[in-house]
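Colleague: Predicted model and sequence follow; I will ask about them next.
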Amino acid sequence: MTAPRDPVSQTTRYLLLPIGLYVYAYVVGFRDYGGGEPKFNVRNYGVGLFNFAAALKLLEMTFSRTPPQRIITSARPKGSPNGDTQAHEVYTQNVAAKPNGPESTATKGTMREVIEYLCDPRLLHYDIKMAQNSHDLETRDTANRTSFFLSTLFLYSTHVVILDLFQTTIQSLPNPGLGTPEGGSIFNDSIPTPLRYIVSSIAVLCTGGSVYCGLQAGYNVLTLIAVGLLGQDPSDYPPIFDKPWLSTSIRELWSKRWHLVLRVFFTTIGAKVGGALLGDVGAVLGAFTLSGILHDWTIWGMGKGTDPLRIVGFFYIQGIAVILETMWGKLTGKRVEGWWGRVWTWSFMLLSSHLVVEAWLQHGIGGGQYFLPDQYRPILQLRNLLLGK
């Protein structure tokens, strides 16, 4: 059994919490990381996302009664060039053989442990279920560092090009200001009604694809630095997505196939608060509401205010959809799955995503500069060449 924190340590955490939260708020809301350049304003979005994630970590660490339990892995076999990977395989076998789960040890609060904990949003070294689910997605050769590095570099290049395709498509739509740093609406009133919603749906699909590719590319960069420059174990950087386009229910999309980077905190904080108020229904709505607040907070950092009605509202609606799917299963005895489940998932997401995408693009996210300057974006330059620009 893990020993609880000593009273002095716990009281110190309570006293320091307001200071930490204030610092996070100040960093997001009162500093400009775009250098006054509109196309770099998206950097403020990224800073807001990082700081909200750090704030969730701070809340979790403050109110936890016991230190984090780090999963014990086997030591590096001496004289082995692939010691990290072999140790991981031995550890996996040991976990499978233990009926009560893996062995773990309380962290001691060293600076290295603190940094590792803050930089491990999925808690792969602390949550065995999350670790196993994430490692099951791996298709790269983690036993060969060079092969893993080259595979990740290829994935990064692919994601950047596809991101450029999506962003160029958004910037080519006939909507004033859409895809610019100043922002614009996905709805163009000058276009006849049927075509207007086809255009808005294209913007929604491309924005969703951009989010997917952008997160993938960013994670690829982190992986390349960690494995290539810092010499970390490739097995510590498993994929963060599981082909979300194959989802056959809203529950499957958000609980399994979409990225699970901050899922631990949505469930341990948002779900706990909501569950204490409204039981199981409140737990679902609490988790999604906290996710909505996170995304709304990051928009605030761009200097154009927040949009809780559309951003938090979008995520709240996702919770309602999950609850409805659960009710459907209880009433009919059938799960939402199969081809009709996929049709339902795509249809619901396409319709409901109009809310959050409209808010994002009006704030100028579609016009930001991400991984490549405009002159080096291959799809954008190809479009300009074809159009004679």
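Modeller: Great, that's in hand.

Colleague: Helices of the stretch 201-350 of the chain, start to end?
Modeller: For the stretch 201-350 of the chain, the helices defined by DSSP state H, counting those that start in this stretch occupy 250-252, 263-265, 271-300, 308-332, 338-362.

Colleague: and what of the stretch 51-200 of the chain?
Modeller: So, for the stretch 51-200 of the chain - with DSSP H, counting those that start in this stretch - the helices run 83-97, 111-118, 128-135, 145-172, 193-224.

Colleague: can these go into a markdown table with extra columns for distance to residue 375, mean pLDDT and mean neighbour count?
Modeller: All C-beta atoms are positioned from the backbone trio N, CA, C, and that covers glycine. Compiled in a markdown table, the helices of the stretch 51-200 of the chain are given as follows (distance: least, C-beta to C-beta, whole Å; pLDDT from 0 to 100; neighbours: other C-beta atoms under 10 Å):
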| stretch | distance to residue 375 | mean pLDDT | mean neighbour count |
| --- | --- | --- | --- |
| helix 83-97 | 40 | 46 | 16 |
| helix 111-118 | 36 | 69 | 13 |
| helix 128-135 | 37 | 69 | 16 |
| helix 145-172 | 12 | 96 | 18 |
| helix 193-224 | 19 | 95 | 18 |
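
Colleague: mind checking which of the ones you listed is nearest residue 333?
Modeller: helix 128-135 (27.0 Å; C-beta to C-beta).

Colleague: How about the contacts made by residue 252?
Modeller: 337, 345 (C-beta atoms under 8 Å, 6 or more residues apart in numbering).

Colleague: Let me know the pLDDT of it.
Modeller: You'll see residue 252 listed with a pLDDT of 96.

Colleague: Now do it against residue 139, distance only.
Modeller: 20 Å (C-beta to C-beta, to the nearest Å).

Colleague: Is it correct that residue 290 is in contact with residue 270?
Modeller: Yes - Residue 290 is within contact range of residue 270, at 3.1 Å (criterion: C-beta atoms under 8 Å).

Colleague: So for those two, which sits in the more crowded spot?
Modeller: More crowded of residue 290 and residue 270, by other C-beta atoms under 10 Å: residue 270, with 25 against 22.

Colleague: what sits against that one?
Modeller: 286, 287, 288, 289, 290, 291.

Colleague: what's the closest of these to residue 224?
Modeller: Checking the contacts of residue 270 one by one against residue 224 (C-beta to C-beta), the nearest turns out to be residue 291, at 27.7 Å.
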